[in-house]
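Colleague: Sequence first, predicted model second:
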Amino acid sequence: MDISRENTIITSLSRQPVSGSLNDVVTAVHYQIFASASINETSSLAYVDRHLELESPNPDAFTPFDDITKSVVYSWIQSTQGEVQYNEAISELEQILSSSVLAENVETLPVSMSLFER
């Protein structure tokens, strides 16, 4: 079975009001990765929740909270720590989908832009 599509949705950001001399510091990213698979014309869609703790920011390279975009957050997820978590999530999705693709009840869920080009 191949995962036919992987998608990531940022669900929330945790932030600390004050951290040293910085204000509104993002401390964690909460996101979901979605994937679908099909076998013999039976499709299934699954997702896993992920939480990425961020390191303390460098004050010289700090991005103010109001300037943070999806691209910035995706770059954090793609960091070394995030890449490991992403690969673990893909493995977990493969296991979920391999056991659920023949299930009778398939839930449809929204999808978003792809995080990593495959």
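Modeller: Received, thanks. What you are looking at is a predicted structure, and each value in this text was computed from that prediction instead of being measured.
Colleague: CA atoms for contacts and neighbours, from now on please.
Modeller: Fine.
Colleague: buried residues in stretch 34-50?
Modeller: 34-38, 43-47, 50 (16 or more other C-alpha atoms under 10 Å).
Colleague: mind checking the SS state of residue 60?
Modeller: helix (DSSP: H, G, I helix; E, B strand; the rest coil).
Colleague: Against residue 35, how distant is it?
Modeller: Residue 60 is 37 Å from residue 35, where distance means C-alpha to C-alpha, to the nearest Å.
Colleague: do the same with residue 44
Modeller: Computed as C-alpha to C-alpha, the residue 44 to residue 35 distance reads 8 Å.
Colleague: coming back round to it: quick check, nearest of the buried residues of stretch 34-50 to residue 21?
Modeller: Closest to residue 21 out of these is residue 50 (28.9 Å), distances taken as C-alpha to C-alpha.
Colleague: other SSEs contacting the helix or strand encompassing the closest one?
Modeller: In the assignment (DSSP states H and E), residue 50 maps to strand 42-53. For strand 42-53, the elements it packs on are strand 22-39, helix 80-100, judged by 3 or more C-alpha pairs under 8 Å, 6 or more residues apart in numbering; DSSP states H and E.
Colleague: can you redo the ones you listed as TSV with mean pLDDT and distance to residue 70?
Modeller: Output for these, formatted as TSV (pLDDT from 0 to 100; distance: least, C-alpha to C-alpha, whole Å):
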stretch	mean pLDDT	distance to residue 70
strand 22-39	87	11
helix 80-100	78	15
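Colleague: from the ones you listed, which stretch is densest packed?
Modeller: Among the helices and strands packed on strand 42-53, ranked by average contacts under mean count of other C-alpha atoms under 10 Å, first place goes to strand 22-39 (a mean of 18).
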